[in-house]
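Asks: Sequence first, then the predicted structure, then my questions.
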Amino acid sequence: MVETKKLKWIFKKDIMVLWRHKPRLISYLLFPIIMITLFGYGFGGTVTDIPVVIVSQSSGPVTDATINAIKSESLYDVTDIINDPNQGRQMVLNGQDKAAIILPSNYDDTQSTTPKNVILDIDSSDEIVSSALIPTTQALFSQLSNQIGVQQLQASGLTPSAATSSTINVQSGNQSNILSNPTTSGINFQNIVNSINFQVNKLYGDISYIDFLVPGVLALVILFSCMFGMGESIAGERERGELARLFMTPTSIATVVGGKILSKLVQETGRAILLIAVAIGLFGIVIAGSMLLTLLLLVLVALCFVGLGMMISARVSTQADYQQIIQPITLPMMFLSGVFFPVETMPWIFQKLAYIIPLTYANDALRAVMLKGAGLGAIWLDIVVLLGFTALFFGLGIRGFNRDV
Amino acid sequence: MKYAVETFDLTKNYGDFTAVDKLKMKVRNKSIFGFLGPNGAGKTTTVKVLTCLALPTSGTATVAGHDILENPNEVRQKIGMIPQMVSLYGDLTVKENIHLCADFYGVPEDLIESRADELMEMMDIKYAENRYVSQLSGGMKQKASVVASLIHQPDILFMDEPTIGLDPTTKRILWNLVEELHSEGRTIILCSHDMYEVELLCDDVGIINNGVLAAFDTPQALKDAMINEQKNIKNSKRSNIAKIVEEIQKEATPEESAAYDKITDHVEEENRDTRQLSVIISNLNDELFDQLKNLSITYNITKESSGRITLDLLDSDESVTEVISTIIMNNGIITSISTKDPSLEDVFVKVTAKKDESGES
């Protein structure tokens, strides 16, 4: 039987404890606000504003109409219009843009029946972007192809109805589906109507969703493990009086913290190797880049998050406070860093926030190495930023470390 | 080195609360110092600061000749602590914890094993050396903690309520250890609420209250001071009343004067110096009781159950002897006898109550 008076006391006690631990209370209230804001404004389920570059090798009304059509779609954020296909491809390879839409030199030639080869050079390492960009762009050019075809037929005095009923000729990826079509009075209707030959060029080949997820998941596992581990390792030991035992001895904070970091690093590296092995064994993922570089990156990521955990746990006295404080830090980090949603497609404020989150750089570097086969030269900026965060966290952590028990 | 610990206006604040307030204290080297105080008086905070587990807000102290602010690591090397707020690692065995502490104190590798074994034997915990600390009882944990705290042979040992919750046998093991460490020339600083323990072990006692040192001396000197203080209060009362009565009697009639004399006698009687004696006489009878009652040195006598009598006697060195002689001459068999002098607990209660009343902090 439930005893009302006692039940009330238990309820009251829990509320009083929460109220009296202000950092815990603030974090407790802040966490749902942060999460609903993130999902409400940032991750509504629709991908928009994917940065693309248009390579326009022709000029004229069709080109202008095409560019305007692309610009009017919310899916695209046209960052630049250039005329060199190689430069466009390079911009994608550099990570400046997610795709380059390359319009051929004969794009504006409405009289010619030669197919216009439109190429979509896409960063296939980003599965979410690829899966949104390819079908939409394909549909857009199918529509444009029809419109151009109709104009051509009208110009040649033929009825458009016959043409619009024809099958659209689109070349997608490496597959060419050019259909053989009937001809009328020596004019190839199919060639006229399906005047745009659309090709998708996946710059990093076919990458499955699991391939795409593994680098981010690795970084996430390290993030959570390090953050929660440091809470137990420092705040927990402080709470139980075990840390005091060490601090009673002639031992520096740096030694104690250094030992904890070392053990955490070894654990996390081991776990990362295990995770990679399982991903390779069970799901057949392929690491395009250097395995050694991947491991070194994982160690750096672990070091960075151990530093963050240490910085926070250095000043709190109980594990419960620590757990509550890190909640509104770790979970938003997970969603803002591009592990599940591309940073480039987030509202600008979230993009800005993403750039002050170490997980963004960890994710970016790991994807570059594991999916794109990038080397040190391509990810040096990510490494520098991660090292900077690590130094900052350790600096503040050691400085603020409360030796008092 | 004359003093093992010396504090210089040592202050520790927690926000607006002053836990230790300009503390000035000296602990003689190679002594056992009892550090007493009511709960929340600042004992544990003082110990934390002296053991470099907390920084003082102002002031400083020297421990084992080293300044706690300038040379904290030298201090840490010279001290050990049997804790209230410090634990061993629950997921390590007793032996592993001891080895960890030994390495943290820099004990030479070849000495660790022998020292650990010796201390574990001494504390009667050797049989549990391979058990996880989390699996041990409170008393066993305390024993293991003692071994870990002594593995580097510290010059000064801080013991913060070391026997709290321990069974009498374990308490005695710990007390014997304290005596042994003391005989080896180590200084022991013992924080305790167990006055028997403090009286039994300590050379000097300091009582802290509201963050300041309210009393400091040997246990006997503190008790003597209390007896003298009580005597002084009584003398003062007697003297004041006598003066008043004398003044009044100058203008009093003979009848009134006789009445005032009675008042004076009553005051004298109420405030005379007495010594209380408690005796158990196994064959106590009415005749013996009357003999004792009629002694000139007996002011008051009460009979309790089981042959126990309590006497208020004239406070002189011979009083107790006279009572014992009377009992023996009347064939009385004494099974227990004790004087009721002020105990350290009385001193503690008085000192801490006095400070509370005065509102000092």
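Replies: Everything's here; your move. Being a predicted model, the structure only gives us computed values, none of them experimental.
Asks: Residue B:345 contacts residue B:197, correct?
Replies: No. Contact status for residue B:345 versus residue B:197: not in contact, 11.4 Å apart, counting by Cβ atoms under 8 Å. Every C-beta, even on glycine, is put in place using the N, C-alpha and C of the backbone.
Asks: What segments of the stretch 1-150 of chain B are helices?
Replies: Using DSSP state H, counting those that start in this stretch, the helices assigned to the stretch 1-150 of chain B run over residues B:43-50, B:72-78, B:94-105, B:109-122, B:138-150.
Asks: Would you mind finding the most buried of those?
Replies: Mean neighbour count (mean count of other Cβ atoms under 10 Å in any protein chain shown) peaks for helix B:43-50 among the helices of the stretch 1-150 of chain B, with a mean of 25.
Asks: Identify the residues contacting that helix?
Replies: With Cβ atoms under 8 Å, 6 or more residues apart in numbering or on different chains as the test, helix B:43-50 has contacts from A:404-405, B:5, B:7, B:10, B:12, B:19-20, B:23, B:35-37, B:54-56, B:61, B:63, B:68, B:79, B:81, B:84-85, B:158, B:160, B:189, B:191, B:208.
Asks: now the residues you listed: which count as buried?
Replies: Buried members of the contacts of helix B:43-50, scored by 16 or more other Cβ atoms under 10 Å in any protein chain shown, are A:405, B:5, B:7, B:10, B:12, B:19-20, B:23, B:35-37, B:54, B:56, B:61, B:63, B:68, B:79, B:81, B:84, B:158, B:160, B:189, B:191, B:208.
Asks: dump the residue contacts of the residue of the stretch 151-300 of chain B found nearest chain A.
Replies: For the stretch 151-300 of chain B and chain A, the shortest gap (Cβ to the nearest Cβ) falls at residue B:152, measuring 8.2 Å. Residue B:152 makes contact with B:77, B:80, B:101-102, B:105-107 under the criterion Cβ under 8 Å, 6+ apart.
Asks: so what's residue A:200 bridging to?
Replies: Bridge pairing for residue A:200 (DSSP bridges) gives the partners residue A:120.
Asks: nearest residue to residue A:24 other than its sequence neighbours?
Replies: Among residues not flanking residue A:24 along the chain, residue A:324 sits closest, at 4.2 Å (Cβ to Cβ, 6 or more residues apart in numbering or on different chains).
Asks: So which residues of the stretch 201-350 of chain B form strands?
Replies: B:204-209, B:212-217, B:274-281, B:298-303, B:308-314, B:334-339 (DSSP state E, counting those that start in this stretch).
Asks: Could you say which of those is packed most deeply?
Replies: When the strands of the stretch 201-350 of chain B are compared using mean count of other Cβ under 10 Å, strand B:204-209 is most buried, at a mean of 24.
Asks: quick check: mean pLDDT across the longest helix along chain A?
Replies: In chain A, with assignment by DSSP state H, the single longest helix is helix A:253-283. Throughout helix A:253-283, pLDDT has a mean value of 85.
Asks: which other helices and strands contact that helix?
Replies: Under the contact definition 3 or more Cβ pairs under 8 Å, 6 or more residues apart in numbering or on different chains; DSSP states H and E, helix A:253-283 sits against helix A:209-230, helix A:242-247, helix A:291-313, helix A:376-400.
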